[in-house]
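1. The following comprises the amino acid sequence and a computationally predicted model.
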Amino acid sequence: MTNYMTLRVKAVPINESFVRGVVAGFTVPCDPTIDVINDVRTAVSEAVTNCVVHAYSGSGEGDILIEGVLNDNLLTISVSDYGKGIDNVEKAMEDFFTTKESEERSGLGFTIMKSFMDSLKVVSEKGAGTTVTMTKKLTDVEH
Amino acid sequence: MKVSTKLNRDELHIYLDGELDHSVAEEIRTQIDDYIEKNAPTKVILEMGKLKFMDSTGIGFILGRYKKLRSKHIPMFIGSPNPQIDKVIKISGLYSIIPLLR
Ligand SMILES: Nc1ncnc2c1ncn2[C@@H]1O[C@H](COP(=O)(O)OP(=O)(O)OP(=O)(O)O)[C@@H](O)[C@H]1O
Ligand SMILES: [Mg+2]
């Protein structure tokens, strides 16, 4: 199975469930288990929510770009924003690190992306935006 | 996202129905804090049998309610999370302070 998708949405909260639903649907032709679909759904939800909450500080003003590629049974998904960027990516990726403690955030978004997917890469530039790229093998058998 | 409650003696059961993410957290936060305030329970159980999805926003949400309850010495429990939610809660380590009710 080889396929690709591009989706550009406004950085508003209702798009968090929309995007995770779209990406979950994108994986279905590869026939992943429910558990694998849910891992992808959860990781995408984390990445998109971070764009809404952090990149644009909840203003809703800005775009989120989601690009997906299916190559045999390997999913590559990237989530990009053009928002404020991350000061220190290494620090941001630590378990329980958050800059929004006052909003009851736990600092586990990156932890979940890392453990639910096979790989996670974060590239960010101050004032220019952030791209999170994740991969996951969807099934054990080659299609 | 729908929230309903049942008071069983002094135990407040809070039933969550839908998907708990950032888009709904704020709204149900005030709703649930109001329920707790009004009912003065001795125990709070977050019933998740009908909760279909939760991400890290849900962890922050649960921890927030836990901290409020702890200040009043009211214990909190989690009931019937589905496998997706269970996995998210396990990563957070939350079960050590908010036990799973069996
Ligand atoms: N797209 C982004 N743009 C700017 N900053 C970001 C972005 N994504 C993450 N961050 C920064 O990295 C930190 C850690 O992100 P992570 O998702 O792990 O935790 P959180 O969002 O703060 O809390 P949680 O996801 O548990 O609700 C954030 O607090 C924020 O400072
Ligand atoms: Mg996050």
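-> Noted; the coordinates are in hand. Ligands and ions are numbered 1, 2, ... in the order given.
2. any idea how far the closest residue to residue B:95 other than its chain neighbours lies from chain A?
-> Spatially, and ignoring its direct neighbours in sequence, residue B:95 is nearest to residue B:89 (6.2 Å; C-beta to C-beta, 6 or more residues apart in numbering or on different chains). Heads up, the C-betas are built off the backbone N, CA and C, glycines and all. Distance from residue B:89 to chain A, counting by C-beta to the nearest C-beta, to the nearest Å: 10 Å.
3. Show residues contacting the strand or helix carrying residue B:89.
-> Assessed by DSSP states H and E, residue B:89 sits inside helix B:83-92. Applying C-beta atoms under 8 Å, 6 or more residues apart in numbering or on different chains, the contact partners of helix B:83-92 are A:35, A:38, A:41-42, A:106, A:108, A:111-112, A:115-116, B:48, B:51, B:53-56, B:58-59, B:62, B:78, B:81, B:95.
4. what's around the closest residue to ligand 1 within chain A, how many residues?
-> Nearest residue of chain A to ligand 1, counting by C-beta to the nearest ligand atom: residue A:109, 2.0 Å away. The number of residues packed near residue A:109 is 27, by other C-beta atoms under 10 Å in any protein chain shown.
5. Any buried residues in stretch B:90-102, and which?
-> The neighbour-count check on stretch B:90-102 (16 or more other C-beta atoms under 10 Å in any protein chain shown) flags B:91-92, B:94, B:98 as buried.
6. Farthest pair within those?
-> Comparing all pairs in the buried residues of stretch B:90-102 by C-beta to C-beta, the longest separation belongs to B:91 and B:98, at 14.1 Å.
7. sorry, back to before: how far away is the residue of chain A closest to ligand 1 from ligand 2?
-> Residue A:109 sits 3 Å away from ligand 2, going by C-beta to the ion, to the nearest Å.
8. Skip the chain neighbours and tell me the closest residue to that residue.
-> Spatial nearest neighbour of residue A:109, excluding adjacent residues (C-beta to C-beta, 6+ apart): residue A:46 at 4.2 Å.
9. Likewise for residue A:100?
-> Here the residue nearest residue A:100, using C-beta to C-beta, 6+ apart, is residue A:53, at 6.8 Å.
10. where does chain A dip in pLDDT?
-> A:141-143 (pLDDT under 70).
11. Do you have the strands of it handy? List them.
-> A:2-10, A:63-71, A:74-81, A:119-125, A:129-137 (DSSP state E).
12. how about the fourth one against ligand 1, any contact?
-> Meaning strand A:119-125. No: Strand A:119-125 stays clear of ligand 1 (C-beta under 6 Å from any ligand atom), getting no nearer than 6.8 Å.
13. Show me what that strand is packed against.
-> Helices and strands touching strand A:119-125, by 3 or more C-beta pairs under 8 Å, 6 or more residues apart in numbering or on different chains; DSSP states H and E, are helix A:89-92, helix A:109-116, strand A:129-137.
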